[in-house]
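[1] Sequence first, predicted coordinates after that:
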Amino acid sequence: MSTRDVLDLSFDPACLTDSAGRLLHVNDAFGDLFGCGASQAEGRSLADVLGQAGADQLLGGAGSGPRVLKRLVVNAAGGEPVVLEARGMRLRSGEAAIFLRPRIGFAETGDAEHMALHDALTGLPNRVLLLDRMRQTMARVARHNDFAAVIFIDLDGFKPVNDTYGHDCGDHVLRTVAARLQEVVRGADTAARIGGDEFVMVLGELRNGLHAGLTANRIIKSVTQAIPWRGGSVFVSASLGIAVAPTDSIVPEELLNQADEAMYVAKKSGKNGYCFANESSYFE
């Protein structure tokens, strides 16, 4: 996987520069933050976006280790000031990878690699790390001839909460759901956020694929509990889709897609429930 592929899969703003600090590539999150797409950003100086002092500190010298700025104030799209944590890492090619993270309460630990593999808002693994964990889990399934499951989780009623109470509340809901998912998973399992209000859980070492339904019920029970917010409470529920390995597939991307499709069947069937991928045809 190339550096550009890693940047594109990250939900954190990230960019790649040449040795002189000119932008070579930006991901969607970077474009959204600064109001510039890949074609508009190409050739611009990193200093134009992050300021000369910030760019100089992040780019460092050839062969230098990761550079970290715990607090960097920049102007986002529309001129709004945003406080970021920024990390720069010079690659062997002379190019530099820059990762940005809004300062919104997530623990300020880890290196540039950690930032590339985790969601900034919740601290959960992102899609890049999720797929890597899935490949490891599928390898174990092949070795031990047991089962694993991928559970795709989409929140019901999140948009009305976000629209009614604002993005601060929406972020609080997502962090709360993430924490609850971490309480549900076992130590060897993975809970990840892959964007928006979508989460994925990977369960390994199952004796029977249907056992994933028990975890799905625990997820639904946990997510639907009241979420305290400024003296009151907000509520969301969840629609879940489940794909089982090796029954449905052994390929991580295929399992993820099948679980996603099954989730939509669960949502069409009344929400706040779950559906196995091999049940999807019964509801079409």
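    In hand now; what should we look at?
[2] Pull out the buried positions in stretch 53-60.
    When burial is assessed from 16 or more other Cβ atoms under 10 Å, stretch 53-60 yields the following buried residues: 54-55, 57-59. Yep, even glycine has a C-beta here, placed from its N, CA and C like the rest.
[3] now, which of these lie within helices?
    54-55, 57-59 (DSSP state H).
[4] now, which of those residues sits nearest residue 255?
    Taking Cβ to Cβ as the measure, residue 58 is the one of those closest to residue 255, at 37.3 Å.
[5] check contacts around the residue nearest to the closest one when sequence neighbours are not counted.
    Closest residue to residue 58 apart from its sequence neighbours, by Cβ to Cβ, 6 or more residues apart in numbering: residue 88 at 3.2 Å. Counting by Cβ atoms under 8 Å, 6 or more residues apart in numbering, residue 88 makes contact with 57-60, 66-67, 96-99, 112.
[6] Tell me how this structure divides into domains.
    Taking automatic domain parsing as the reference, the chain has its domains at 3-117, 127-283.
[7] Export those domains to JSON lines and append columns for mean pLDDT.
    Putting those into JSON lines (pLDDT from 0 to 100) gives the following:
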{"stretch": "domain 3-117", "mean pLDDT": "77"}
{"stretch": "domain 127-283", "mean pLDDT": "92"}
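[8] number of nearby residues for the closest residue to residue 54 other than its chain neighbours?
    The shortest distance from residue 54 to any non-neighbouring residue, by Cβ to Cβ, 6+ apart, is to residue 72 (5.1 Å). Residue 72 has 19 neighbours, counted by other Cβ atoms under 10 Å.
[9] just residue 146 next, same as before
    For residue 146, using other Cβ under 10 Å, the count is 16.
[10] gap between it and residue 168?
    Going from residue 146 to residue 168 by Cβ to Cβ, to the nearest Å gives 43 Å.
[11] hey, where'd the strands end up in the protein?
    14-17, 23-26, 67-75, 81-90, 96-102, 147-156, 190-195, 198-206, 227-229, 232-234, 237-245, 274-276 (DSSP state E).
[12] and the first one, what does it pack onto?
    Pointing back at strand 14-17 there. When contacts are defined as 3 or more Cβ pairs under 8 Å, 6 or more residues apart in numbering; DSSP states H and E, strand 14-17 packs onto helix 3-9, strand 23-26, helix 28-34, strand 96-102.
[13] So what are the sheet partners of it and their directions?
    strand 23-26 (antiparallel), strand 96-102 (antiparallel) (DSSP bridges).
[14] what's the angle from the last one to strand 81-90?
    Relative orientation of strand 96-102 versus strand 81-90 (axes from the mean of the first three to the mean of the last three Cα atoms, to 10 degrees): 150 degrees.
[15] May I see the buried residues of strand 96-102?
    Neighbour-count burial for strand 96-102 [16+ other Cβ under 10 Å]: 96-102.
[16] Format the strands of the chain as TSV; extra columns: distance to residue 38.
    Conversion of the strands of the chain to TSV gives the following (distance: least, Cβ to Cβ, whole Å):
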stretch	distance to residue 38
strand 14-17	10
strand 23-26	6
strand 67-75	19
strand 81-90	19
strand 96-102	15
strand 147-156	28
strand 190-195	18
strand 198-206	24
strand 227-229	37
strand 232-234	36
strand 237-245	32
strand 274-276	37
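[17] circling back to that earlier point, and among the helices and strands packed on strand 14-17, the most buried is which?
    strand 96-102 (a mean of 24; mean count of other Cβ atoms under 10 Å).
[18] residues in contact with residue 244?
    147-150, 209-210, 212, 276-278 are the contacts of residue 244 under Cβ under 8 Å, 6+ apart.
[19] at 6 Å instead, please
    149, 209 (Cβ atoms under 6 Å, 6 or more residues apart in numbering).
[20] who's in contact with the nearest residue to residue 275 once chain neighbours are set aside?
    Of all residues not flanking residue 275 in the chain, residue 266 sits nearest, at 4.1 Å (Cβ to Cβ, 6+ apart). Counting by Cβ under 6 Å, 6+ apart, residue 266 touches 239-241, 273-275.
[21] Please identify which pair of these lies farthest apart.
    Across these (Cβ to Cβ), the longest gap, 10.3 Å, separates 241 and 273.
[22] of those two, who's got more company?
    Ranked by neighbour count (other Cβ under 10 Å), residue 241 and residue 273 place residue 241 first, with 29 against 17.
[23] pretty sure that one is touching residue 258, no?
    No: between residue 241 and residue 258 there is no contact under Cβ atoms under 6 Å: 7.6 Å.
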